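Asks: I'd like to go over a predicted model; first the sequence, then the structure.
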Amino acid sequence: MAFYPDERLALFIDGANLYSTIKTLDFDIDYKKFLDLFKGKGHLICARYYTAVKEFEDYSSIQPLIDWLDYNGYRVITKPAKEYTDRDGTRKIKGNVDIEMVVDILDLAPHVDHILLVTGDGDFRALLEAVQRQGVRVTVISSSKSKPPMLSDELRRQADTLIEITDLEKIIGKPKSRVKEDE
(Lines give C-alpha, C1' and ligand atoms only; values in the text may rest on other atoms or scores of the structure.)
Protein backbone atom coordinates (compact mmCIF):
# COMPACT_ATOMS: atom_id res chain seq x y z
CA MET A 1 0.00 0.00 0.00
CA ALA A 2 1.41 3.33 -1.04
CA PHE A 3 0.29 6.03 1.37
CA TYR A 4 1.86 9.33 2.34
CA PRO A 5 1.45 10.73 5.88
CA ASP A 6 0.39 14.21 4.72
CA GLU A 7 -2.10 13.14 2.05
CA ARG A 8 -5.82 13.75 2.44
CA LEU A 9 -7.77 10.47 2.28
CA ALA A 10 -11.46 9.74 1.82
CA LEU A 11 -12.99 6.30 2.42
CA PHE A 12 -16.15 5.24 0.58
CA ILE A 13 -17.76 1.88 1.33
CA ASP A 14 -20.36 0.16 -0.85
CA GLY A 15 -22.05 -1.65 2.05
CA ALA A 16 -23.90 -4.28 0.04
CA ASN A 17 -20.84 -5.11 -2.04
CA LEU A 18 -18.60 -5.33 1.03
CA TYR A 19 -21.14 -7.52 2.80
CA SER A 20 -21.31 -9.90 -0.18
CA THR A 21 -17.53 -10.02 -0.38
CA ILE A 22 -16.87 -10.81 3.26
CA LYS A 23 -19.75 -13.31 3.31
CA THR A 24 -18.11 -15.30 0.50
CA LEU A 25 -14.77 -15.08 2.32
CA ASP A 26 -16.37 -16.14 5.63
CA PHE A 27 -15.00 -13.45 7.91
CA ASP A 28 -16.37 -10.29 9.49
CA ILE A 29 -14.86 -6.84 9.67
CA ASP A 30 -14.12 -4.94 12.84
CA TYR A 31 -15.13 -1.51 11.53
CA LYS A 32 -13.22 0.31 14.28
CA LYS A 33 -9.99 -1.42 13.26
CA PHE A 34 -10.85 -0.78 9.61
CA LEU A 35 -11.25 2.95 10.26
CA ASP A 36 -8.14 3.09 12.46
CA LEU A 37 -6.09 1.39 9.74
CA PHE A 38 -6.71 4.24 7.32
CA LYS A 39 -6.55 6.98 9.94
CA GLY A 40 -2.98 5.82 10.42
CA LYS A 41 -2.17 6.12 6.70
CA GLY A 42 -2.77 9.85 6.25
CA HIS A 43 -5.26 12.58 7.10
CA LEU A 44 -8.63 10.85 6.79
CA ILE A 45 -11.13 13.53 5.74
CA CYS A 46 -14.19 11.27 5.82
CA ALA A 47 -15.39 7.69 6.00
CA ARG A 48 -18.76 7.02 4.40
CA TYR A 49 -20.80 3.84 4.37
CA TYR A 50 -23.61 3.49 1.80
CA THR A 51 -26.46 1.01 2.02
CA ALA A 52 -30.11 0.55 1.18
CA VAL A 53 -32.52 -0.32 3.98
CA LYS A 54 -35.97 -1.84 3.94
CA GLU A 55 -38.65 0.65 4.87
CA PHE A 56 -41.53 -0.01 7.19
CA GLU A 57 -40.00 -2.99 8.96
CA ASP A 58 -40.23 -3.31 12.71
CA TYR A 59 -36.68 -4.63 12.81
CA SER A 60 -33.86 -4.46 10.30
CA SER A 61 -30.93 -6.79 10.89
CA ILE A 62 -28.54 -4.16 9.57
CA GLN A 63 -29.82 -1.35 11.84
CA PRO A 64 -27.43 -2.14 14.74
CA LEU A 65 -24.47 -1.88 12.32
CA ILE A 66 -25.79 1.37 10.84
CA ASP A 67 -26.23 2.84 14.32
CA TRP A 68 -22.77 1.72 15.45
CA LEU A 69 -21.09 3.11 12.33
CA ASP A 70 -22.97 6.41 12.67
CA TYR A 71 -21.78 6.86 16.27
CA ASN A 72 -18.20 5.73 15.64
CA GLY A 73 -16.70 7.92 12.94
CA TYR A 74 -18.55 6.90 9.79
CA ARG A 75 -21.14 8.93 7.95
CA VAL A 76 -23.87 6.49 6.96
CA ILE A 77 -25.85 7.23 3.82
CA THR A 78 -28.99 5.14 3.43
CA LYS A 79 -31.67 4.90 0.80
CA PRO A 80 -34.97 3.07 1.04
CA ALA A 81 -34.98 -0.30 -0.69
CA LYS A 82 -37.92 -0.84 -2.99
CA GLU A 83 -39.96 -4.00 -2.87
CA TYR A 84 -41.47 -5.24 -6.13
CA THR A 85 -42.87 -8.33 -7.77
CA ASP A 86 -41.08 -9.60 -10.86
CA ARG A 87 -42.90 -11.02 -13.90
CA ASP A 88 -42.80 -14.52 -12.39
CA GLY A 89 -44.66 -13.30 -9.31
CA THR A 90 -41.61 -13.45 -7.04
CA ARG A 91 -41.31 -10.64 -4.50
CA LYS A 92 -37.90 -9.00 -4.68
CA ILE A 93 -36.10 -6.13 -3.02
CA LYS A 94 -33.98 -3.63 -4.92
CA GLY A 95 -31.79 -1.01 -3.36
CA ASN A 96 -28.86 0.71 -4.97
CA VAL A 97 -26.83 3.64 -3.65
CA ASP A 98 -24.29 3.81 -6.49
CA ILE A 99 -25.46 7.23 -7.72
CA GLU A 100 -25.20 8.70 -4.22
CA MET A 101 -21.64 7.38 -3.96
CA VAL A 102 -20.68 8.76 -7.37
CA VAL A 103 -22.05 12.23 -6.60
CA ASP A 104 -20.32 12.34 -3.21
CA ILE A 105 -16.99 11.15 -4.62
CA LEU A 106 -17.07 13.68 -7.48
CA ASP A 107 -17.96 16.46 -5.02
CA LEU A 108 -15.12 15.54 -2.66
CA ALA A 109 -12.45 14.71 -5.26
CA PRO A 110 -11.08 18.29 -5.56
CA HIS A 111 -10.45 18.30 -1.80
CA VAL A 112 -8.54 15.01 -1.41
CA ASP A 113 -5.38 13.37 -2.70
CA HIS A 114 -6.41 9.73 -2.41
CA ILE A 115 -9.77 7.95 -2.50
CA LEU A 116 -10.22 4.52 -0.93
CA LEU A 117 -13.14 2.80 -2.62
CA VAL A 118 -14.46 -0.39 -1.03
CA THR A 119 -16.29 -2.18 -3.83
CA GLY A 120 -15.62 -4.58 -6.64
CA ASP A 121 -18.41 -3.25 -8.86
CA GLY A 122 -17.17 -2.58 -12.39
CA ASP A 123 -19.83 0.11 -12.84
CA PHE A 124 -17.49 2.43 -10.91
CA ARG A 125 -14.70 2.23 -13.53
CA ALA A 126 -15.71 5.47 -15.26
CA LEU A 127 -15.84 7.22 -11.87
CA LEU A 128 -12.27 6.16 -11.14
CA GLU A 129 -11.17 7.48 -14.50
CA ALA A 130 -12.93 10.82 -13.85
CA VAL A 131 -11.32 11.41 -10.45
CA GLN A 132 -7.92 10.25 -11.71
CA ARG A 133 -8.12 12.96 -14.39
CA GLN A 134 -8.38 15.41 -11.48
CA GLY A 135 -5.11 14.09 -10.07
CA VAL A 136 -6.67 11.96 -7.35
CA ARG A 137 -5.22 8.51 -6.70
CA VAL A 138 -7.70 5.68 -6.22
CA THR A 139 -7.20 2.52 -4.21
CA VAL A 140 -9.85 -0.17 -4.60
CA ILE A 141 -10.41 -2.56 -1.71
CA SER A 142 -12.13 -5.80 -2.71
CA SER A 143 -11.37 -9.43 -3.44
CA SER A 144 -10.45 -11.49 -6.46
CA LYS A 145 -9.88 -14.49 -4.16
CA SER A 146 -13.55 -14.84 -3.25
CA LYS A 147 -15.69 -17.46 -5.00
CA PRO A 148 -16.93 -15.96 -7.27
CA PRO A 149 -14.43 -13.10 -7.51
CA MET A 150 -16.11 -9.90 -6.29
CA LEU A 151 -13.58 -7.61 -7.99
CA SER A 152 -14.41 -6.82 -11.60
CA ASP A 153 -11.56 -6.88 -14.06
CA GLU A 154 -12.45 -3.35 -15.31
CA LEU A 155 -12.17 -1.89 -11.82
CA ARG A 156 -8.93 -3.74 -11.09
CA ARG A 157 -7.34 -2.38 -14.26
CA GLN A 158 -8.48 1.22 -13.64
CA ALA A 159 -7.42 1.47 -9.98
CA ASP A 160 -4.05 2.98 -9.13
CA THR A 161 -3.69 0.46 -6.33
CA LEU A 162 -5.60 -2.61 -5.28
CA ILE A 163 -5.87 -3.93 -1.74
CA GLU A 164 -6.97 -7.54 -1.56
CA ILE A 165 -9.28 -7.56 1.44
CA THR A 166 -8.13 -11.05 2.44
CA ASP A 167 -4.68 -9.54 3.04
CA LEU A 168 -6.28 -7.33 5.73
CA GLU A 169 -8.12 -10.11 7.55
CA LYS A 170 -5.54 -10.41 10.35
CA ILE A 171 -5.64 -6.63 10.86
CA ILE A 172 -9.37 -5.89 10.56
CA GLY A 173 -11.04 -9.29 10.99
CA LYS A 174 -13.22 -10.30 13.91
CA PRO A 175 -15.19 -13.39 14.88
CA LYS A 176 -18.06 -14.13 12.51
CA SER A 177 -21.45 -12.63 13.48
CA ARG A 178 -24.96 -13.09 12.16
CA VAL A 179 -25.66 -9.53 10.90
CA LYS A 180 -27.14 -9.52 7.41
CA GLU A 181 -27.15 -6.74 4.83
CA ASP A 182 -30.70 -5.95 3.77
CA GLU A 183 -30.08 -6.06 0.04
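Replies: Thanks, I have it.

Asks: mind checking how far the helix or strand of the chain with the lowest mean pLDDT is from the chain centre?
Replies: Per-element confidence for the chain was summarised using mean pLDDT, DSSP states H and E. The lowest value among helices and strands belongs to strand 91-94, with a mean of 73. Strand 91-94 has its average C-alpha position 21 Å from the chain's average C-alpha position, going by C-alpha atoms, centre = their mean, to the nearest Å.

Asks: Which residue ranges of the protein form strands?
Replies: With DSSP state E as the definition, the chain shows strands at residue ranges 8-14, 28-29, 43-54, 75-85, 91-94, 114-118, 137-142, 161-164, 173-174.

Asks: By mean pLDDT, show me the worst of these.
Replies: Per-stretch averages of pLDDT across the strands of the chain put strand 91-94 at the bottom, with a mean of 73.

Asks: Okay, now the unreliable bits of the protein?
Replies: Screening the chain residue by residue with the criterion pLDDT under 70, one finds the ranges 1, 56-59, 175-183.

Asks: Just want the most central residue of it.
Replies: Ranked by distance to the mean C-alpha position of the chain (C-alpha atoms, centre = their mean), the top residue is Ile13 at 2.0 Å.

Asks: List the residues that contact it.
Replies: For Ile13, the residues meeting the contact criterion (C-beta atoms under 8 Å, 6 or more residues apart in numbering) are Ala47, Arg48, Tyr49, Tyr50, Tyr74, Val118, Thr119. Just so you know, the C-beta spots here come from the backbone N, C-alpha and C atoms, and that holds for glycine as well.

Asks: Redo the strands of the chain as TSV? Include distance to Ala2.
Replies: Supplementary listing: those in TSV, determined by distance: least, C-beta to C-beta, whole Å:
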stretch	distance to Ala2
strand 8-14	12
strand 28-29	22
strand 43-54	16
strand 75-85	26
strand 91-94	37
strand 114-118	9
strand 137-142	8
strand 161-164	6
strand 173-174	23
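
Asks: Surely Arg8 and Ile45 touch.
Replies: Yes: using C-beta atoms under 8 Å, Arg8 and Ile45 qualify as a contacting pair, with a distance of 5.3 Å.

Asks: Overlap in contacts, those two.
Replies: Common neighbours of Arg8 and Ile45, using C-beta under 8 Å, 6+ apart, are His111, Val112.
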